[in-house]
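In: mind folding the following:
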Amino acid sequence: MKLIARIYNVYTVVIGMTSYIFIRGKFRQTRLTHVYTFIVNAFTLTLLPVAYWEMAQIMTMVKWLPPFMWIAPYLLYSINYVVIAYTLISRCYRDAILVDLQLVIVQVDVEMLRTGRRISSMLQRLLLLKTCTLMYLFVAFFLSLVMYQWGMPWLTVLKGLLATISFTILVSTTFLHFLSFWQILRGFDFVNQQLEEITRIGSKAQAKELVSLWALHATLSRTARRINGYYGPQMLACRFDYFMFTIINGYFGTVYASYEHKLTIDKLLGVCIYWVRSLDFFLNDYICDLVTEYISEQGEVYGV
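Out: Presented below is the predicted three-dimensional model:
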């Protein structure tokens with residue numbers, strides 16, 4: 001899992017989502033990564049409309065698409081571009097959250113190492129499931145590029161590659177949102193385990209530990225609010241993009257299925273992308289509910 005996390009961090013730097021790279025156990029921003037990310041962002045924002053325009057034109061020429069729906073691909077790609085542009089332009093705020101989150105991660109790691117606590121199996125399964133949806137969508141997006149644009153002119157393939165990478169930016173944004181709250185939830189879970197032990201023992205010697213847990217709980221709550229403050233508008237934009245994705249692609253899938261009744265690989269791939277992305281977005285909503293539940297429950301314990 002650590003190897004996957006490092007590969008993912010390198011990929012997010014490569015596509016310009018962050019300028020912080022994981023070096024020697026810490027997220028660091030170098031002059032090289034800062035300049036590189038700026039150049040990649042400028043390149044993406046400039047050339048992506050060209051790539052989307054050609055992808056939309058190709059889609060409008062398929063036989064099964066009704067003529068009156070010619071505007072749907074242009075609408076979908078336009079929404080994609082606006083959300084991606086907002087994501088890349090607001091990168092500095094996301095990087096600032098990453099630095100703050102790193103301090104909390106280190107604090108929780110130290111406390112868990114001191115007490116010998118481990119991450120709960122529920123949280124491990126939740127992260128594994130989210131990672132699987134991310135990896136599947138990445139593979140499916142690039143596989144779709146190979147299937148639909150094989151044999152086309154190399155310039156068209158390059159535009160398709162840029163469009164495909166932009167789709168991974170959308171998915172990566174929701175994954176970073178999930179991962180940020182997962183780290184907060186890991187801290188709350190540790191606090192919950194310690195509280196249960198203190199309640200069971202009931203010793204006055206645990207008063208110092210209780211104060212330490214209260215301070216950690218307060219830090220986690222503040223960080224969660226900061227994360228929500230940034231990701232609130234970001235996830236609202238992503239949610240609107242996902243909403244339009246489900247409507248337009250759901251319609252495309254229905255029309256295509258009625259046009260040709262045979263089960264083909266591209267149909268199966270499209271259905272899987274549709275439902276896996278739905279599961280991927282549901283996991284973000286689910287972890288937000290879990291964080292809210294932990295904050296409210298432990299707030300009652302501390303009387304806050």
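In: where does the protein dip in pLDDT?
Out: In the predicted model of the chain, residues 1-2, 201-207, 260-263, 297-304 satisfy pLDDT under 70.
In: how close does the residue nearest the centre of the chain get to Leu283?
Out: Compute the mean C-alpha point of the chain, and by Cα atoms, centre = their mean the closest residue is Phe175, 1.8 Å away. Phe175 sits 9 Å away from Leu283, going by Cβ to Cβ, to the nearest Å. No exception for glycine: its C-beta is placed from N, CA and C like everyone else's.
In: find residues that contact each of the two.
Out: Lys130 (Cβ atoms under 8 Å, 6 or more residues apart in numbering).
In: so what does the one helix or strand Gly229 maps to touch, helix or strand wise?
Out: If you go by DSSP states H and E, Gly229 is part of helix 207-259. In terms of contacts (3 or more Cβ pairs under 8 Å, 6 or more residues apart in numbering; DSSP states H and E), helix 207-259 is packed against helix 71-89, helix 91-115, helix 154-201, helix 265-302.
In: what is the shortest one packed up against?
Out: Packing partners of helix 71-89 (3+ Cβ pairs under 8 Å, 6+ apart): helix 31-60, helix 154-201, helix 207-259.
In: now that helix: buried residues?
Out: The neighbour-count check on helix 71-89 (16 or more other Cβ atoms under 10 Å) flags 72-74, 76-81, 83-85, 87-88 as buried.
In: now Tyr93. Nearest residue, chain neighbours left out?
Out: Tyr230 (5.1 Å; Cβ to Cβ, 6 or more residues apart in numbering).
In: so that neighbour is in contact with Arg94, correct?
Out: Yes: using Cβ atoms under 8 Å, Tyr230 is in contact with Arg94, at 6.6 Å.
In: between those two, which has more neighbouring residues?
Out: Comparing Tyr230 with Arg94 by other Cβ atoms under 10 Å, the one with more neighbours is Arg94, at 22 against 16.
In: done for today, thanks.
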